[in-house]
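Student: pasting the sequence and the predicted coordinates here, then a few questions.
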Amino acid sequence: MSTIKRKVEMNLPQLIEWGFNNPELSKGKVYNIDDENDRFATYVSFLPDVTGVRVPCTITQNNTFTVEIEEQIDEDTKLKELFLITNNSNSSERYYNYSINDVLSNNEGYYEEIAMLILKPEPLIIWTKEEGLV
């Protein structure tokens with residue numbers, strides 16, 4: 001098992017549910033809506049004692065919030081995007097909604113896998129031929 005960070009877009013009900021289910025991560029935090037044109041600094045804040053949430057403004061059903069979460073993954077976890085680097089410098093591929101094991105079994109002997117990365121929120125090597133899941 002390994003831990004990765006990724007950014008997740010949530011609407012207001014999803015944000016509140018996530019915050020109440022993850023008090024160690026949401027306690028005392030403020031989340032601004034993703035709309036850069038919002039003049040009124042629309043936000044949601046979780047109270048320091050995690051007994052509630054403060055929403056001091058109007059939030060529409062179209063407003064979203066971006067939350068960075070940590071999740072445990074293994075070789076069978078489906079990932080939104082994987083970038084494969086092979087021993088052939090002309091050969092690299094992107095896989096969408098694949099696991100590491102899916103990518104490895106998809107090869108059919110055409111190339112030797114060197115490493116796999118996730119690209120967002122920042123490039124991160126998550127698997128190498130020498131170490132496996134890192």
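Tutor: Thanks, I have the structure now. Numbering: from 1, shown residues only.
Student: C-alpha only now, for contacts and for neighbours.
Tutor: Noted.
Student: residue 113 bridge partners, please.
Tutor: Beta-bridge pairing of residue 113 under DSSP bridges involves residue 86.
Student: ok, it touching residue 87?
Tutor: Yes: applying CA atoms under 8 Å, one finds residue 113 in contact with residue 87, separated by 6.3 Å.
Student: and stretch 55-74, how far apart are its ends?
Tutor: In stretch 55-74, first residue to last residue: 37 Å (CA to CA, to the nearest Å).
Student: list the buried residues in that stretch.
Tutor: The neighbour-count check on stretch 55-74 (16 or more other CA atoms under 10 Å) flags 63, 64, 65, 66, 67, 73 as buried.
Student: quick one: which of those is nearest residue 15?
Tutor: residue 65 (7.3 Å; CA to CA).
Student: against residue 24, how distant is the nearest residue to that closest one once chain neighbours are set aside?
Tutor: Closest residue to residue 65 apart from its sequence neighbours, by CA to CA, 6 or more residues apart in numbering: residue 33 at 4.8 Å. From residue 33 across to residue 24, the span is 21 Å (CA to CA).
Student: who has more neighbours out of these two?
Tutor: Neighbours per residue, other CA atoms under 10 Å: of residue 33 and residue 24, the larger number sits with residue 33, 22 against 10.
Student: just checking, the more buried one touches residue 62?
Tutor: No: here residue 33 does not reach residue 62: they are 10.0 Å apart, not a contact under CA under 8 Å.
Student: OK, contacts around the residue lying closest to residue 103 once chain neighbours are set aside?
Tutor: Among residues not flanking residue 103 along the chain, residue 95 sits closest, at 7.6 Å (CA to CA, 6+ apart). Contact analysis of residue 95 by CA atoms under 8 Å, 6 or more residues apart in numbering lists 81, 82, 83, 84, 103.
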